[in-house]
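Undergrad: kindly return the folded structure for what I paste below:
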Amino acid sequence: MKPIDLRSDTVTRPTPAMREAMAHAEVGDDVYGEDPTVNRLEAAAAARVGKEAAVFVPSGTMANQIAIRLHTHHGEVVLASQGAHVLRYEGGAASALAGVQITTIGTAGCFDADAVRAAYVPASNVHLAPTTLLVAEDTHNGAGGRIFPLAMLQGAVGAAQDLGMRTHLDGARLFDAEVASGVPAARIAERFDTVAFCFSKGLGAPVGSVLCGDEATILRARRLRKMLGGGMRQAGVLAAAALYALEHHVDRLAEDHIRARRLAEGIEKLGLPVHPAPETNMVMFDVADTMGFLRATRARELWINPTGPGRFRAVTHLDVGSADVDEALARLEEALTELRA
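TA: Numbers count the residues shown, from 1 in each chain. Now for the predicted structure:
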């Protein structure tokens, strides 16, 4: 039985063409700035989101944490969405490494200008920690791959800037937002001081993210990357995969979104509540018996992770075709029949 892995879009494997690009990558020492493939990738990534410069890092977590360090000082507060990746899935790094607190605002992964203003604390109030950075996430992982509405996003960023705050976009799945909404990534990112995005999720590369911003900011980011142990040497082998993904795997994200909707429709027909309706490549649904459902699906080589008691997330990606969706639904039906017996 062929395993069908819907746990995350991080489980993708390099395609044969991507492996070919990796095998023939021109390399040098990136810490010295001498890896030509990394340099090409950074230039292409920065241009794609409308920024001056970029730095290639091993992970999205490192990109986000470098950004937080860049924009804050110890004892300050970062505003982020409920369930934000920087708070929920980065191992407490913001407090451990940057010495900041994170306050969450908004609902379902989004917030507006009023929410930013209401949460803001100025540095003049010596009793409270000052609010100095706003982090937005697009698409929002915890909210089921939700796209941040552009007008709301721009309004929130504008309010933060009016208050003197810095702004960072956690765009780990930014190109899912671009493809699904039709809004270019550069337009989504245009008002942010920094933006990060990943190559190792929907774009299908094995490793890597970039942090983009103006040249002075990214120069500082390179020092922080070194401090955090992210300075890679002949990294062109990895950069070649990321560059291939950026050039060849963005438009095909639409296929993942179509398959997510098809999966959601099938899950609903099996009697399971799906909410919210998928906007990109994630399907969130409910099953009362968490452990029973896990046992029944994994016995059938169907891999879907819970996000909480009775709550599951299935993610479509490069390695899941239309036939896999149909087969996943067939295995789901078998698993549910077993549970309901």
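
Undergrad: for the nearest residue to A299 once chain neighbours are set aside, list the residues it contacts.
TA: Computed as CB to CB, 6 or more residues apart in numbering, the closest residue to A299 that is not its neighbour in sequence is A335, at 7.8 Å. Every residue, glycine included, has its C-beta placed from N, CA and C. By CB atoms under 8 Å, 6 or more residues apart in numbering, the contact set of A335 is 293, 296-297, 299-300, 302.

Undergrad: let's see which of the residues you listed end up in helices.
TA: 293, 296-297 (DSSP state H).

Undergrad: looking at those, which one is closest to P16?
TA: T297 (29.4 Å; CB to CB).

Undergrad: pLDDT wise, what is that closest one at?
TA: On the pLDDT scale, T297 is placed at 97.

Undergrad: that one: how many residues sit nearby?
TA: 24 (other CB atoms under 10 Å).

Undergrad: what is the end-to-end distance of stretch 49-59?
TA: Its first and final residues considered, stretch 49-59 spans 18 Å by CA to CA, to the nearest Å.

Undergrad: pull out the buried positions in that stretch.
TA: The neighbour-count check on stretch 49-59 (16 or more other CB atoms under 10 Å) flags 49-51, 53-59 as buried.

Undergrad: and stretch 264-272, by the same measure?
TA: Those would be 264, 266-267, 272, for stretch 264-272 by 16+ other CB under 10 Å.

Undergrad: ok, stretch 103-123 next?
TA: Quick answer for stretch 103-123 (16+ other CB under 10 Å): 104-106, 109-113, 115-116, 119-121.

Undergrad: chain center to that stretch, what's the gap?
TA: Chain-centre distance of stretch 103-123: 20 Å, with CA atoms, centre = their mean, to the nearest Å.

Undergrad: who's in contact with it?
TA: By CB under 8 Å, 6+ apart, stretch 103-123 touches 77-84, 87, 128-132, 134, 136-137, 140, 142-143, 146, 148-149, 152-153, 155-156, 158-160, 163, 165, 276.

Undergrad: only whichever of these are buried, select them in PyMOL.
TA: PyMOL command restricting the contacts of stretch 103-123 to the buried ones, with burial defined by 16+ other CB under 10 Å:
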select buried, resi 77+78+79+80+81+82+83+84+87+129+130+131+132+134+136+137+140+142+143+146+148+152+153+155+156+159+160+165
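
Undergrad: among the contacts of stretch 103-123, which are in strands?
TA: Assigned to strands by DSSP state E, the following of the contacts of stretch 103-123 qualify: 77-81, 131-132, 134, 136-137.

Undergrad: on that earlier part again, turn the buried residues of stretch 103-123 into JSON lines, including pLDDT and distance to R259.
TA: Output for those, formatted as JSON lines (pLDDT from 0 to 100; distance: CB to CB, whole Å):
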{"residue": "T104", "pLDDT": "98", "distance to R259": "31"}
{"residue": "I105", "pLDDT": "98", "distance to R259": "33"}
{"residue": "G106", "pLDDT": "97", "distance to R259": "29"}
{"residue": "G109", "pLDDT": "96", "distance to R259": "22"}
{"residue": "C110", "pLDDT": "98", "distance to R259": "25"}
{"residue": "F111", "pLDDT": "98", "distance to R259": "30"}
{"residue": "D112", "pLDDT": "98", "distance to R259": "32"}
{"residue": "A113", "pLDDT": "98", "distance to R259": "35"}
{"residue": "A115", "pLDDT": "98", "distance to R259": "34"}
{"residue": "V116", "pLDDT": "98", "distance to R259": "35"}
{"residue": "A119", "pLDDT": "98", "distance to R259": "37"}
{"residue": "Y120", "pLDDT": "98", "distance to R259": "41"}
{"residue": "V121", "pLDDT": "97", "distance to R259": "44"}
